[in-house]
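>>> build me a model from this:
(chains A, B, C and D)
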There are 2 protein chains.
Amino acid sequence: MSDEKTRMAAYSALTEFLERKRLRKTSERFHILDKILSMPGQFEVEDICKAMADDAYRVSRATIYNTLSLFDECGLIRRCPSTDTRARYERAAYATSRFQLVCLQCGKIKDVKDAELARQISARRYSAFHPSEFSLMVYGICSRCMRHNKKRTINTTNTESTVRIKKQ
Amino acid sequence: MSDEKTRMAAYSALTEFLERKRLRKTSERFHILDKILSMPGQFEVEDICKAMADDAYRVSRATIYNTLSLFDECGLIRRCPSTDTRARYERAAYATSRFQLVCLQCGKIKDVKDAELARQISARRYSAFHPSEFSLMVYGICSRCMRHNKKRTINTTNTESTVRIKKQ
DNA sequence: TTTACTGCAAATATTTTGCAATATC
DNA sequence: GATATTGCAAAATATTTGCAGTAAA
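Next up, the predicted model:
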């Protein structure tokens, strides 16, 4: 689908939802939707705040929180499971059946396409559960870290304290 | 493995890690480890705090946070991806290759065993990535919600505001 | 004796909420 | 005009940190 078509589809979906629920079509909601459509992949509340500020469009943080909840509820976006403290979201269009390789060492995430495996997973039936999509994360060590590890002798006398680990 | 053997193994693993890193074998660390071993599945910081309090063992919250980070780092537990604000952990022994059905409506999670599918996933090779385990989450609607949905006529004139959604 | 570790309280970070002002219907 | 929505600031919740005292090595 072209960008413009995607945008139109998202606008209609939101409009339809708001009308059905008798909610208001505020400019904030559509501006935030625009920003979401411009996000390349997963995003955080902060990303939307920044994007709005870059646009010199003033919205309160609370409104962004509320709007993201609303969009999650109406299915335009989805809150992703994350190992982090902050909420992460992604567009629902992207949410369909993810398959990723996660390096346990450097944390890098790589998207993988494997239609055959996807087909096999989707083909499974579990009693009366009605599946719609899946998320397969394969954990391990990426090639880069693997090479890196081989070069090093393993340090067993590391003295640095590991107790208070800073975030990023 | 019997409970006692599991406990001994975990104790040795922690002891080995602490010695290797020249960290101290404090009673807090082993007490918290005990509590973790008694947790049935995933747990939160709060669960450990409660368990310690039930035991009338006083530890500060900060120590629990630090200890969980430490255990995560040494591989005894793992921080789980979660849709929630709070950090969730689980024992590493449980972390190996999870397969779960997640109901998008009620949020219930069901563990599934499917050795055949697990085998198929493990059999895949992706360039130089070295997999160790995987996590497959299948999203959909559980049988209970499905039955429940059928009983209802769909309410399209819902007027209630959806803007501020309370947590649980 | 040295210094890693703990508890405490204060600081940060993230999200939610009450309320008055505003804008949609 | 009625009331859903917003912004703001304050509250609530989750996590981290500085520091002085305690205890493991």
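
>>> all strands of chain A, in order?
Shown for chain A, the strands assigned by DSSP state E span residues A:43-44, A:77-80, A:88-91, A:98-103, A:109-111, A:130-141.

>>> tell me which of those approaches chain B most closely.
Nearest to chain B among those is strand A:130-141; the distance by Cβ to the nearest Cβ comes to 3.9 Å. Glycine gets a C-beta too; all of them are placed from N, C-alpha and C.

>>> report the mean per-residue pLDDT for the closest one.
For strand A:130-141, the per-residue pLDDT values average out at 80.

>>> cool, stretch A:82-96 as well?
Over the span of stretch A:82-96, the pLDDT mean works out to 80.

>>> for it, buried residues please.
Taking 16 or more other Cβ atoms under 10 Å in any protein chain shown as the neighbour-count basis, stretch A:82-96 is seen to contain the buried residues A:82, A:87-92, A:95.

>>> sorry, back to before: pipe the strands of chain A into JSON lines and attach distance to DNA strand C per row.
Conversion of the strands of chain A to JSON lines gives the following (distance: least, Cβ to the nearest atom of the strand, whole Å):
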{"stretch": "strand A:43-44", "distance to DNA strand C": "7"}
{"stretch": "strand A:77-80", "distance to DNA strand C": "9"}
{"stretch": "strand A:88-91", "distance to DNA strand C": "8"}
{"stretch": "strand A:98-103", "distance to DNA strand C": "20"}
{"stretch": "strand A:109-111", "distance to DNA strand C": "19"}
{"stretch": "strand A:130-141", "distance to DNA strand C": "19"}
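
>>> JSON lines for those, including distance to A:Glu28?
JSON lines is the format used below for the strands of chain A (distance: least, Cβ to Cβ, whole Å):
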{"stretch": "strand A:43-44", "distance to A:Glu28": "17"}
{"stretch": "strand A:77-80", "distance to A:Glu28": "15"}
{"stretch": "strand A:88-91", "distance to A:Glu28": "17"}
{"stretch": "strand A:98-103", "distance to A:Glu28": "29"}
{"stretch": "strand A:109-111", "distance to A:Glu28": "31"}
{"stretch": "strand A:130-141", "distance to A:Glu28": "29"}
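
>>> biggest separation within the buried residues of stretch A:82-96, which pair?
When those are compared pair by pair using Cβ to Cβ, the farthest-apart members prove to be A:Ser82 and A:Ala92, with a separation of 16.5 Å.
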